[in-house]
Each structure stands twice: as structure tokens, then as C-alpha cells.
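*Asks:* Turn this into a structure:
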Amino acid sequence: MPGSKRMINIRAFIRKDGCLGGLTAEGHALKASPGYSPVCAGVTTLLRTGGELLEAEEDIKAEISAPSEGTLRVLIGRVPGQKLERVRAITDFLLYGLQQLCQDAPEEIEVSIEEREE
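*Replies:* From the prediction side, this is the model:
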């Protein structure tokens, strides 16, 4: 669409224990020059690193998928007690980084975080 803005929308949910339960990221940010977007690069780096850290944890089921271009989904299973502190730290790092990008470029990224009982 001519004149329309492009945006990355991230929806995350945090469980009552403070751990990431899942997130969906969709879209693309505006490009600074052809093929390059600092915001997309930052989001991709945070999501890949956070997702790979969670996937590498033993005793935690992490499902990460990219069902289509510009879409990433992460779903985290139950976190055992001995892993809570580590997963909370990864969650904090990931969400803090995404929120900082949102503050820096609110026209390019939107982050919503919901707390759930699950």
C-alpha cells in the first residue's frame, strides 16, 4: 500500500511464575536503506538468541517456528523449579530488549505483554 507504514507486532505472554510462556512476532520494520532495517536486525537478534537459549535448556520444551516470512512463534512448556531463575533471566533480557527497541522506534515496533495463569 503506498504511504503505509510497516511495523513489527510482538505479542508475548508471561506466566504467573515470571517465565515466558510464548510469543508471536509478525511483520517487518521500515527499512533505512534497501534490504537493511536496524530495528528488524535488533528484533531478529533478540528473538533468535532468546529462543536458542531456551531451546538449549534441558528439561524445558521450547517450540520455535517460522510458519511464514515475517512470522516467528515461540511456545515454552512447563519450567521445572530448578530452571525458574534461569528462564526468568532469559525472559527479562528478551522482553527488556524488545521494550527498549519499542521506545527507540515506536513507529516500527509494538510490544504487548500479557500475564496469564497458565
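
*Asks:* going forward, measure contacts between C-alpha atoms and count neighbours the same way
*Replies:* Noted.

*Asks:* Tell me where this structure has strands.
*Replies:* For the chain, the strands defined by DSSP state E occupy 8-15, 20-27, 62-65, 71-76, 109-116.

*Asks:* packing partners for the shortest one?
*Replies:* So the one you mean is strand 62-65. Counting contacts by 3 or more C-alpha pairs under 8 Å, 6 or more residues apart in numbering; DSSP states H and E, strand 62-65 packs against helix 38-56, strand 71-76.

*Asks:* bridging residues for the residue lying closest to Ser112 once chain neighbours are set aside?
*Replies:* Nearest residue to Ser112, sequence neighbours excluded (C-alpha to C-alpha, 6 or more residues apart in numbering): Arg11, at 4.9 Å. Listed by DSSP bridges, the beta-bridge partners for Arg11 are Thr24, Ser112.

*Asks:* residues touching Arg11, list them.
*Replies:* Going by C-alpha atoms under 8 Å, 6 or more residues apart in numbering, Arg11 touches Leu23, Thr24, Ala25, Val111, Ser112, Ile113, Glu114.

*Asks:* which one of those residues has the most neighbours?
*Replies:* The most neighbours of any of the contacts of Arg11, using other C-alpha atoms under 10 Å, belong to Ala25, which has 22 neighbours.

*Asks:* before we move on, back to that, okay, the residue nearest to Ser112 and Glu85: tell me how far apart.
*Replies:* Arg11 is 22 Å from Glu85, where distance means C-alpha to C-alpha, to the nearest Å.

*Asks:* Name all residues that make contact with the nearest residue to Leu46 once chain neighbours are set aside.
*Replies:* Excluding the flanking residues, the one nearest Leu46 by C-alpha to C-alpha, 6+ apart is Leu94, at 6.1 Å. Contact partners of Leu94, counting by C-alpha under 8 Å, 6+ apart, are Leu46, Leu47, Gly50.
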